[in-house]
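1. compute the structure for the input listed below.
(chains A, B, C and D)
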There are 2 protein chains.
Amino acid sequence: MASTVLPLHPSQGSTCGKCPRNELCYARFLSYAKSVEQLDFQVSNRILHRGDHVFYSGQAFSALYMVRSGHVKTVMVTEDGEEQITGFSCPGDSLGADGLASGHYAVDAVALGTASICTLNFEHLLRNTARKEELQRLMLSMLSETILNNEELLLTLGKLDAQQRMATFLLKQSSAQQRNGCSPVSFTLPMSRADIGNHLNLAVETVSRLLTQFRQRGLIKFNRNDIEWLDIDTLTDLTNRREYATAAPLVTNNFLAHG
Amino acid sequence: MASTVLPLHPSQGSTCGKCPRNELCYARFLSYAKSVEQLDFQVSNRILHRGDHVFYSGQAFSALYMVRSGHVKTVMVTEDGEEQITGFSCPGDSLGADGLASGHYAVDAVALGTASICTLNFEHLLRNTARKEELQRLMLSMLSETILNNEELLLTLGKLDAQQRMATFLLKQSSAQQRNGCSPVSFTLPMSRADIGNHLNLAVETVSRLLTQFRQRGLIKFNRNDIEWLDIDTLTDLTNRREYATAAPLVTNNFLAHG
DNA sequence: GGAAACGGTTGATCCAGGTCAACCGGGGAG
DNA sequence: CTCCCCGGTTGACCTGGATCAACCGTTTCC
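-> I've put the predicted structure just below:
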């Protein structure tokens, strides 16, 4: 569990103003502030590697976290040790809000690979006097986004079948990449098939079959976890519940018949 | 859509100090404030009836809401009109936080029966100067609770089978009743079988069968939606993943054989 | 009062996706 | 270099719960 604290200048605020990723981190919140500088507050940063924990389930709440680079999964665990991945976080996403009310984090947050994580000490945030209202709105907005994400996931898991979930997932990864300034049709999936399956409530085998199916249909190209191309339009069609099965050549069944 | 605004005394804060349910509303947040009076702020109240909306999906965000009495369901809708109930709210629960980040509510909030709903104007909340920090913590805590609830629901839906979900749901309703000062073993389910099924990702028929099964096993007594008795201990056992099928007489299959 | 609509229950059947099993290829350790 | 392990893929089979269908009691509305 490697941890590095970047040099800070407490009296001058944090290093956020100079962070090369600050637009990613704050882009969605800038409507609440005139400039990034107004949001400066004490922040420390550390580098994690694959499997390292940002925080543990049950650990005392002390800070909110932002992903500066890399990817993180949040995992909730049942009494008997069964794991459920409640979300994947990418640069600009916040972590840890679920621990605020109870005083203890409710999930494990685990790095999927090398990741840079910013720690926002919660008491510092609350006591920050400059631009207090902007900060307040920022925090509320961060939590609100988390709520929205979870509700959308509930909708996805509740109303979509395996194929639709997989298409939805790929598109979500794609737009996350795009938001971070990368290509939306060429990127690397940071998580394993098992993680995807766990997150989408599907067996690993189903995930694998669907990816293969999508490839055979020409909707994606990939090698291992490297997505090389992705037919966003058709995948978007797939995420909508069918019924109009005539309109698009979905060929739900026996699509392999004349492969 | 009946709506009543209770008399307010803006200059003196709201009516919360005199609200007979304020303990329910704030009990979980009192660690953040010395007394309920410190949390007073402008609040209006209205009475809704079965099917009335607290707010609509897509409607511009302007306020957070608290359930003073009655019950509310939050429903997210897919593009093609499919509905997913993301949660049920009872007295003391907050509503509307998912609209804060985007500026538009993401779900429909619909009264399950007659309900009294308090409206907390968001800009008023932010501009409230007395006890600003307590209010800030209160709001963050409210949002954090919502996040936690959704994550627990994701775990329930992702890792538990139909029977376990149903047991979990009944216990959750039971403890919600208890929290509101009512009997945890004798209460009325405010929602239909269809709503329960939608919420738990189960067919109505499955919900009905499981309730009947529980009754036949002597775990609950009910008539229509009136729960008259509920074996909390055994139901709690049921919520845990089995495997130790020998320890408890779960009799998962053919339990009807010698009924 | 009758009928129609609605919520709930129960039985019979079906299927999407889980489970089990075999296999494959790459990468790390010795 | 070889071996082993792990993540991924593919095939065959199985099952939990959905779907379809019939029916019943209540409520609501002519």
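2. identify the bridge partners of A:Ser69.
-> With DSSP bridges as the criterion, A:Ser69 is bridged to A:Ser116.
3. that one touches A:Pro91, doesn't it?
-> Yes: between A:Ser69 and A:Pro91 a contact is recorded at 5.4 Å, counting by Cβ atoms under 8 Å. C-betas here are computed from N, CA, C, even on glycine.
4. which of these two has more neighbours?
-> More crowded of A:Ser69 and A:Pro91, by other Cβ atoms under 10 Å in any protein chain shown: A:Pro91, with 21 against 17.
5. so how far is B:Asn201 from the residue positioned nearest the centre of chain A?
-> With distances taken as Cα atoms, centre = their mean, the residue of chain A nearest its centroid is A:Ser89 (2.3 Å). As judged by Cβ to Cβ, to the nearest Å, A:Ser89 and B:Asn201 stand 25 Å apart.
6. give the contact list for A:Gln164.
-> A:Thr156, A:Leu238, A:Thr239, A:Asn240, A:Arg241 (Cβ atoms under 8 Å, 6 or more residues apart in numbering or on different chains).
7. closest to chain B out of these?
-> For those, the minimum distance to chain B (Cβ to the nearest Cβ) is 5.1 Å, reached by A:Arg241.
8. phi, psi of the nearest residue to A:Ser175 once chain neighbours are set aside?
-> Ranked by Cβ to Cβ, 6 or more residues apart in numbering or on different chains and with sequence neighbours excluded, the top spatial neighbour of A:Ser175 is A:Pro184, at 6.4 Å. The phi/psi pair for A:Pro184 (degrees, to the nearest 10) reads phi -80, psi -10.
9. nearest residue to A:Thr74 in space, please, no chain neighbours.
-> Nearest residue to A:Thr74, sequence neighbours excluded (Cβ to Cβ, 6+ apart): A:Val107, at 4.4 Å.
10. surely the one you found and A:Glu83 touch.
-> No: contact between A:Val107 and A:Glu83 fails when scored by Cβ under 8 Å: they sit 9.9 Å apart.
11. shared neighbours of the two, anything?
-> Listed as contacting both A:Val107 and A:Glu83 by Cβ under 8 Å, 6+ apart are A:Val75, A:Met76.
12. distance check, A:Ile47 against DNA strand C.
-> Distance of A:Ile47 to DNA strand C, computed by Cβ to the nearest atom of the strand, to the nearest Å: 19 Å.
13. convert the C-alpha atoms of the strand or helix carrying that residue to CSV, please.
-> Using DSSP states H and E, A:Ile47 falls within strand A:44-48. Written as CSV, here are the backbone C-alpha positions of strand A:44-48 (Å, rounded to 0.1, in the frame of the first residue of the first chain):
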residue,chain,number,x,y,z
SER,A,44,-2.9,15.6,0.0
ASN,A,45,-2.2,13.1,-2.7
ARG,A,46,-1.0,9.5,-2.7
ILE,A,47,-0.2,6.9,-5.3
LEU,A,48,-1.9,3.5,-5.0
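14. please state the offset of that strand from the chain centre?
-> Computed by Cα atoms, centre = their mean, to the nearest Å, the chain-centroid distance of strand A:44-48 equals 18 Å.
15. adjacent strands (with direction) for it?
-> Strand A:44-48 has its sheet partners listed here by DSSP bridges as strand A:115-121 (antiparallel).
16. ok, and what's touching the strand it pairs with?
-> Applying Cβ under 8 Å, 6+ apart, the external contacts of strand A:115-121 come out as A:16, A:25, A:41-49, A:52, A:54, A:62-72, A:95, A:111.
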